[in-house]
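**Q** please work out how this folds:
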Amino acid sequence: MKKRYQVLFALSLLSVITFLDRVAISVASPRIMTDLGLSKEQLGWILGIFALAYGGFEIPTGLMGDRLGAKKVLIRVVLWWSAFTVLTGFATGFGMLLITRFLFGMGEAGAYPNSSIVLAKWFPAIERARGQAWIWSASRVGGALTPFLVIPIQTHFGWRATFLFLGALGIIWVIFWKYWFREEPSEMKGISQSELTDILMRRNLPEGHQKFSWRIFRDTNLLLLMAMYFCYASGAFFFQGWLPTYLQKGRGLNDQDMSFITSFSFVLGAIGCLSGGYVCDFLVRKIGPRWGRALVALTGLGLSGIFMLISVFVGDNAFATILLSAGLGLMDFTIPACWSTAMDIGGKNSGAITGAMNTAGLMGSTINTVGFGYLVTAFGNNYHAPVILLAVLLIFGATLWLRIDSTKRIVF
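**A** Residues are numbered from 1 along each chain as shown. Next comes the predicted model:
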């Protein structure tokens, strides 16, 4: 196997661990609410505070990776978030849990911007969408596995034990990454000269670094990309945070049915990521990066919003959950196009630009994750009202791809 694909496999494993740690609290949330006496509004803050911290530290950790190297930064952030995953299991009340999840989010903020830095250095430009597809599909595999890991552990040992187990996985990954990975392909032991030449000739990175400037936020193309990702992440975090509670309290499903539907949704998400990456790279070769990336994202986000909207008005739980699951699959069909576009326009500053895009996404997810509980209460314990809002946001986000142009590199 080529070395760059081994690197991609290691990043994909990290992505699985990332989502195991992230989704575990939503799967365990019904038991946590009961054990710690949390209200719906408090649960919304617990789920949303992660997104707030995650979004706030995306650009700083992306900049750190651009300057210090992704290897060093990934080691630091994975150790950090693994520690606070473990501490989640020791929470005794709302306040402690809120602080712990905020600090957990600070750590996870570095994962995907720094993974993008690795891809930018290790992969030819024409393979970036596929690289992002594998990483993000792995995250959905992590989400799909979470109920089958969390529920048995919390049934036999309590919900706290799940976070001890998941924290240990991150530490194991760090040990491997530290001693195996090298920042530059030319430094990697065992890489062939033909693969090295292929990477360096086709990765399309400018020489040196441009000095970062906050004036990039005057760039209309970047602002549109950020606004689009605000909409995307608002919908995505519904599946990561509120879906189990929505299925149980809004749709009346039991633990077993909830676990199956949650996992099935993430499986479709993984399929959506993979297919979106390969379709995106195919279209880029056929019609160019501008519309090759835009058509994938426009189609995926638009159909996702339509499917989620229809699901609200369907009374049959089986059909409604199929529509919801398809909504996540179509939503994730867009991820490779989003992240490869950010890499295209960012160049050697991919960490900063992907961080900026994801910061906007985390702003959307924070507002909507926290607001979900309040909207449910405001509409008389109606769990469907927030889903309608999220569906409308996804459809609006899809229309922004009519103006986003992946060929316009940002000048710092």
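**Q** all strands of the stretch 201-350 of the chain, in order?
**A** For the stretch 201-350 of the chain, strands defined by DSSP state E, counting those that start in this stretch do not occur.
**Q** quick one: low-confidence parts of it?
**A** Within the stretch 201-350 of the chain, the ranges that satisfy pLDDT under 70 run 203-214, 255.
**Q** can you give me the helices in it?
**A** In the stretch 201-350 of the chain, the helices defined using DSSP state H, counting those that start in this stretch lie at 220-237, 243-245, 255-287, 289-312, 317-332, 335-346, 350-378.
**Q** can I get those in CSV with distance to residue 134 and mean neighbour count?
**A** (Glycine included, C-beta is placed from N, CA and C.) CSV is the format used below for the helices of the stretch 201-350 of the chain (distance: least, Cβ to Cβ, whole Å; neighbours: other Cβ atoms under 10 Å):
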stretch, distance to residue 134, mean neighbour count
helix 220-237, 18, 23
helix 243-245, 24, 25
helix 255-287, 7, 21
helix 289-312, 16, 22
helix 317-332, 12, 22
helix 335-346, 9, 30
helix 350-378, 16, 24
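**Q** of all those helices, which one is nearest residue 17?
**A** Closest to residue 17 of these is helix 255-287 (Cβ to Cβ; 14.5 Å).
**Q** which elements pack onto the closest one?
**A** Here helix 255-287 touches helix 3-36, helix 128-157, helix 243-245, helix 289-312, helix 317-332, helix 335-346, going by 3 or more Cβ pairs under 8 Å, 6 or more residues apart in numbering; DSSP states H and E.
**Q** could I get those helices as TSV with distance to residue 236?
**A** TSV is the format used below for the helices and strands packed on helix 255-287 (distance: least, Cβ to Cβ, whole Å):
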stretch	distance to residue 236
helix 3-36	11
helix 128-157	10
helix 243-245	11
helix 289-312	10
helix 317-332	6
helix 335-346	9
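**Q** of the helices of the stretch 201-350 of the chain, which is nearest residue 139?
**A** Closest to residue 139 of those is helix 255-287 (Cβ to Cβ; 7.9 Å).
**Q** helix, strand or coil: sort out residue 409 for me.
**A** Secondary structure, DSSP: H, G, I helix; E, B strand; the rest coil: residue 409 is coil.
**Q** just want the phi and psi numbers for it.
**A** The phi/psi pair for residue 409 (degrees, to the nearest 10) reads phi -70, psi 140.
**Q** okay, now residue 189: neighbour count?
**A** By other Cβ atoms under 10 Å, 7 other residues sit near residue 189.
**Q** equivalent analysis for the one 4 residues further on, please.
**A** The burial metric for residue 193, expressed as a neighbour count using other Cβ under 10 Å, is 7.
**Q** and it, how far from residue 9?
**A** Counting by Cβ to Cβ, to the nearest Å, the gap between residue 193 and residue 9 amounts to 22 Å.
**Q** that older thread, could you dump the helices of the stretch 201-350 of the chain into CSV with distance to residue 396 added?
**A** Shown next, in CSV, are the helices of the stretch 201-350 of the chain (distance: least, Cβ to Cβ, whole Å):
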stretch, distance to residue 396
helix 220-237, 6
helix 243-245, 21
helix 255-287, 20
helix 289-312, 8
helix 317-332, 14
helix 335-346, 15
helix 350-378, 11
